[in-house]
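Trainee: quick one, structure for this:
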Amino acid sequence: AKDDLKTFSGGAVYSATNNAPNYVVVSYVNASGYLSYVRRYATGGNGVGNVTNPDALFSQGAVRVSQGSRYLFVVNAGSNSVSFFRIAAADPTQLTLVGVYPSGFDYPTSVSYSPMLRVACVIGTGANNGLRCFQVMKTGLTVLSSWDRPTGLTQTTPPAGPANTLSDVIFSQ
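Mentor: Coordinates of the predicted model:
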């Protein structure tokens with residue numbers, strides 16, 4: 001079977017600089033599939049900055065877009081926080097920072113979102129490591145403290161991984 005190339009335009013690609021301060025870099029995807037830099041948005045937090053490891057976060061999900069492209073979440077490992085943005089419906093390159101929230105654990109590396117539960121969860125993998133979840137509303141995030149789950153890894157901040165670190169958190173649906 002031949003794979004058909006899917007065409008896509010009018011969207012955006014998001015990445016994080018992981019610097020101190022941390023930024024979300026936004027690029028537009030045109031009809032040919034090429035990216036054009038649009039701008040960067042301050043996350044209100046810090047990435048890890050100048051760390052000598054090739055993959056300073058040991059992460060698979062430092063930036064997450066919600067299903068339907070309404071929300072954007074970014075971890076700030078250097079300030080132990082997660083940033084929450086709204087994505088403009090008419091133009092996905094336009095972001096509004098809703099807030100910056102403590103991750104509850106050291107060195108957050110990954111964030112995930114469940115549209116069914118309207119919950120975002122962040123995993124921290126430093127010396128104080130674990131999972132913290134938030135109820136997601138368009139006006140902001142509310143900590144679900146009863147969902148906090150320490151993971152009990154023996155680790156340092158910053159982590160001396162990637163062995164014995166947590167690199168991704170996802171929902172099954």
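Trainee: partner residues bridging G130?
Mentor: Under DSSP bridges, the beta-bridge partners of G130 are G124, P150.
Trainee: to what extent is it buried, counted in neighbours?
Mentor: Neighbourhood size, G130 [other C-beta atoms under 10 Å]: 20. For every residue, glycine as well, the C-beta is placed using N, CA and C.
Trainee: and if you look at Y14?
Mentor: Y14 has 21 neighbouring residues, counting by other C-beta under 10 Å.
Trainee: could you verify my assumption that it touches A62?
Mentor: No - using C-beta atoms under 8 Å, Y14 is not in contact with A62; the gap is 10.3 Å.
Trainee: which ones are touching F105?
Mentor: N80, V122, I123, G124, T125, G126, N128, N129, G130, L131, R132, P150 (C-beta atoms under 8 Å, 6 or more residues apart in numbering).
Trainee: closest to A31 among those?
Mentor: Nearest to A31 among these is V122, at 35.3 Å by C-beta to C-beta.
Trainee: figure out how far the host helix or strand of that closest one is from the centre of its chain.
Mentor: Counting by DSSP states H and E, the element that carries V122 is strand 119-124. Chain-centre distance of strand 119-124: 9 Å, with C-alpha atoms, centre = their mean, to the nearest Å.
Trainee: now stretch 21-39
Mentor: Here stretch 21-39 shows a centroid-to-chain-centroid distance of 16 Å under the convention C-alpha atoms, centre = their mean.
Trainee: check stretch 113-120 too.
Mentor: Between the centre of stretch 113-120 and the centre of its chain there are 14 Å (C-alpha atoms, centre = their mean).
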